[in-house]
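Colleague: below: sequence and its predicted model.
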Amino acid sequence: MKKKNLIYGQSGGVTSVINASAYGAIVAALEEAEIENVYAGINGINGVLEEKLIDLTKETKDEIEKIPYTPGAIFGSCRKKLKTEEDFRRLFEVFEAHNIGYFLYNGGNDSMETVHRIALKAREYGYPLKAIGIPKTVDNDLMHTDHCPGYGSAAKYTAISILEATKDLIAMHGDSTQVFIMESMGRYAGWLAASAALAGLNGGTAPQIILLPEVPFDEEKFLSKVEETIVRDGYCSVVVAEALKDSSGNYISTEAYKDAFGNVQLGKIGIYIQKIVRQKLGRKVHTALPDYLQRSSRHIASLTDWREAIEVGAAAVKYAVKDGLSDVMVSIVRDNDYPYLKHYSPVELNGVASAVKYLPEEFIAENGFGVTEKFIEYARPLINGEAPVIYLRGIPVYAKLKRVFVEKKLKG
């Protein structure tokens, strides 16, 4: 029987370890005897539709070995939604033209929907395709997995950043800034904002207030809490999730933009909070928006997160080739907290696609302004260790792929 080729693609917002998953999948695929060629789509599904495919068999081993040390999405990402039957027909024409039997897509909620829909279309068209989802999101909101690759590293960055900024605040609050606000990513859920509490490990100084989207924002209670904290401590350190909502469930701060999947562009909630603190309490306040820094800071990535990212990539190849599975995502199953133990298991994409996992009530502090010890126990193992970084002259060295494109076989 003729061997089939494999396509790997990256989708959605990047993480500091998404390329570690790429590396895990690529190396496993290159070593798999049943796979003929290994390709990567440029800018995710867009590259597949446009036949912009990189032949990874043409890359040197040295550069492939640098892929897991590289931030961003090395093959380019996208937020493309397959909307029409024409999109799917074109996609499968590309698959057929290039003898594709395996499709691995690395992304979050919307990306898992894309994989699920492709798997369903493969069945409808009678096309022999194994489609596997590789989880990735700093938001940590994918269903049916204990956590998501990318979250541990972003959580580590968040905790360290607010710890250091709070140290600055403590030093300056006497006659300068009294309130510091850091805005956190998280389109729907408060997992990343909650990770700021990890700054308190080792006796460190954690933010006194964490505003979570799972807790409706009450301006009066918040301002009272800020004032009470300043009176007690002299300063107040705040982390606010970008998806903060009011009592009616509406986002408090959005921009006039939606992506291809209809997701509202969030942002500037930190500025909103800053304004009400300044106007109604008369306190001097500074705000920071980590934004891309929060999700792509490879230099302090978690070793646990990095290793797991590699492993879920490799597991996806196994599920597709050895186990003959399709329409599933690689799930991380926790077996024990301390020592931290886990294993991987396939879960049906039908239960993952376009769903959201929110912070459970048991992880949220009773007063609504922080998290419980149960959350700390959950999150602490995920930030353990420091992923290795290759430095030269004090600056990290990243992969530089040749990007040899596969010859196009279709028109358009």
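Modeller: Arrived safely. Numbers count the residues shown, from 1 in each chain.
Colleague: drop to CA atoms for contacts and neighbour counts, all remaining ones
Modeller: Will do.
Colleague: residue farthest from the centroid of the protein?
Modeller: residue 175 (38.8 Å; C-alpha atoms, centre = their mean).
Colleague: check what pLDDT that residue gets.
Modeller: pLDDT recorded at residue 175 is 90.
Colleague: cool, residue 277 as well?
Modeller: For residue 277, the predicted pLDDT is 97.
Colleague: quick check, it in a helix?
Modeller: Yes - per DSSP: H, G, I helix; E, B strand; the rest coil, residue 277 lies within a helix segment.
Colleague: quick one: residues contacting it.
Modeller: Shown in contact with residue 277 (C-alpha atoms under 8 Å, 6 or more residues apart in numbering): 223, 283, 285.
Colleague: those strands in the stretch 1-150 of the chain, which residues are they?
Modeller: 4-10, 35-41, 53-55, 100-107, 130-135 (DSSP state E, counting those that start in this stretch).
Colleague: in CSV, list the ones you listed along with mean neighbour count and distance to residue 89.
Modeller: CSV is the format used below for these (neighbours: other C-alpha atoms under 10 Å; distance: least, C-alpha to C-alpha, whole Å):
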stretch, mean neighbour count, distance to residue 89
strand 4-10, 25, 17
strand 35-41, 23, 17
strand 53-55, 23, 18
strand 100-107, 26, 14
strand 130-135, 30, 16
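Colleague: kindly indicate which of the contacts of residue 277 lies nearest residue 55.
Modeller: The shortest approach to residue 55 among the contacts of residue 277 belongs to residue 285, at 51.5 Å (C-alpha to C-alpha).
Colleague: then the host helix or strand of residue 312 to PDB, C-alphas only?
Modeller: Element membership for residue 312, per DSSP states H and E: helix 303-317. C-alpha atoms of helix 303-317 as PDB (Å, rounded to 0.1, in the frame of the first residue of the first chain):
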ATOM      1  CA  LEU A 303      10.200  23.100  31.900                       C
ATOM      2  CA  THR A 304       7.100  21.000  32.700                       C
ATOM      3  CA  ASP A 305       5.100  22.800  30.100                       C
ATOM      4  CA  TRP A 306       7.900  22.600  27.500                       C
ATOM      5  CA  ARG A 307       8.300  18.800  28.000                       C
ATOM      6  CA  GLU A 308       4.600  18.200  27.800                       C
ATOM      7  CA  ALA A 309       4.200  20.300  24.700                       C
ATOM      8  CA  ILE A 310       6.800  18.100  23.000                       C
ATOM      9  CA  GLU A 311       5.100  14.900  24.200                       C
ATOM     10  CA  VAL A 312       1.600  15.900  23.100                       C
ATOM     11  CA  GLY A 313       3.000  16.600  19.600                       C
ATOM     12  CA  ALA A 314       4.500  13.100  19.500                       C
ATOM     13  CA  ALA A 315       1.300  11.500  20.900                       C
ATOM     14  CA  ALA A 316      -0.700  13.000  18.100                       C
ATOM     15  CA  VAL A 317       1.400  11.100  15.500                       C
END
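Colleague: columns distance to residue 355 and mean pLDDT on top of the strands of the stretch 1-150 of the chain, output as JSON lines?
Modeller: What follows is these, written out as JSON lines (distance: least, C-alpha to C-alpha, whole Å; pLDDT from 0 to 100):
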{"stretch": "strand 4-10", "distance to residue 355": "19", "mean pLDDT": "98"}
{"stretch": "strand 35-41", "distance to residue 355": "25", "mean pLDDT": "98"}
{"stretch": "strand 53-55", "distance to residue 355": "30", "mean pLDDT": "98"}
{"stretch": "strand 100-107", "distance to residue 355": "14", "mean pLDDT": "98"}
{"stretch": "strand 130-135", "distance to residue 355": "13", "mean pLDDT": "98"}
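Colleague: export those to a markdown table and tack on distance to residue 270?
Modeller: A markdown table is the format used below for the strands of the stretch 1-150 of the chain (distance: least, C-alpha to C-alpha, whole Å):
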| stretch | distance to residue 270 |
| --- | --- |
| strand 4-10 | 30 |
| strand 35-41 | 36 |
| strand 53-55 | 40 |
| strand 100-107 | 27 |
| strand 130-135 | 29 |
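Colleague: chain neighbours aside, what residue packs nearest to residue 100?
Modeller: Distances taken as C-alpha to C-alpha, 6 or more residues apart in numbering put residue 5 closest to residue 100, at 4.6 Å, once the chain neighbours are dropped.
Colleague: do I have it right that that neighbour meets residue 104?
Modeller: No - between residue 5 and residue 104 there is no contact under C-alpha atoms under 8 Å: 11.4 Å.
Colleague: what residues are up against the residue lying closest to residue 299 once chain neighbours are set aside?
Modeller: Closest residue in space to residue 299, ignoring its immediate chain neighbours: residue 389 at 6.5 Å, by C-alpha to C-alpha, 6+ apart. Contacts for residue 389 (C-alpha under 8 Å, 6+ apart) come out as 69, 299, 396-397.
Colleague: mind checking how far residue 389 is from residue 118?
Modeller: According to C-alpha to C-alpha, to the nearest Å, residue 389 stands 36 Å off from residue 118.
Colleague: now do the helix ranked longest in the chain, average pLDDT.
Modeller: Assignment by DSSP state H gives helix 151-172 as the longest helix of the chain. Averaged over helix 151-172, pLDDT sits at 97.
Colleague: now that helix: buried residues?
Modeller: Neighbour-count burial for helix 151-172 flags 151-163, 165-166, 169-170 (criterion: 16 or more other C-alpha atoms under 10 Å).
Colleague: and residue 245, backbone torsions?
Modeller: In terms of degrees, to the nearest 10, the main-chain angles of residue 245 are phi -120, psi 160.
Colleague: count the neighbours of it for me.
Modeller: 21 (other C-alpha atoms under 10 Å).
Colleague: gap between it and residue 91?
Modeller: 38 Å.
Colleague: before we move on, what about residue 170?
Modeller: 56 Å.
Colleague: contacting residues for the spatially closest residue to residue 364 that is not a sequence neighbour?
Modeller: In space, and not counting its chain neighbours, residue 364 is closest to residue 371: 4.4 Å by C-alpha to C-alpha, 6+ apart. Residues near residue 371 by C-alpha under 8 Å, 6+ apart: 194, 197, 210, 363-365.
Colleague: phi and psi next, for residue 371.
Modeller: The phi/psi pair for residue 371 (degrees, to the nearest 10) is phi -130, psi 170.
Colleague: for it, give me the pLDDT.
Modeller: At residue 371, pLDDT is 98.
Colleague: alright, I will stop here.
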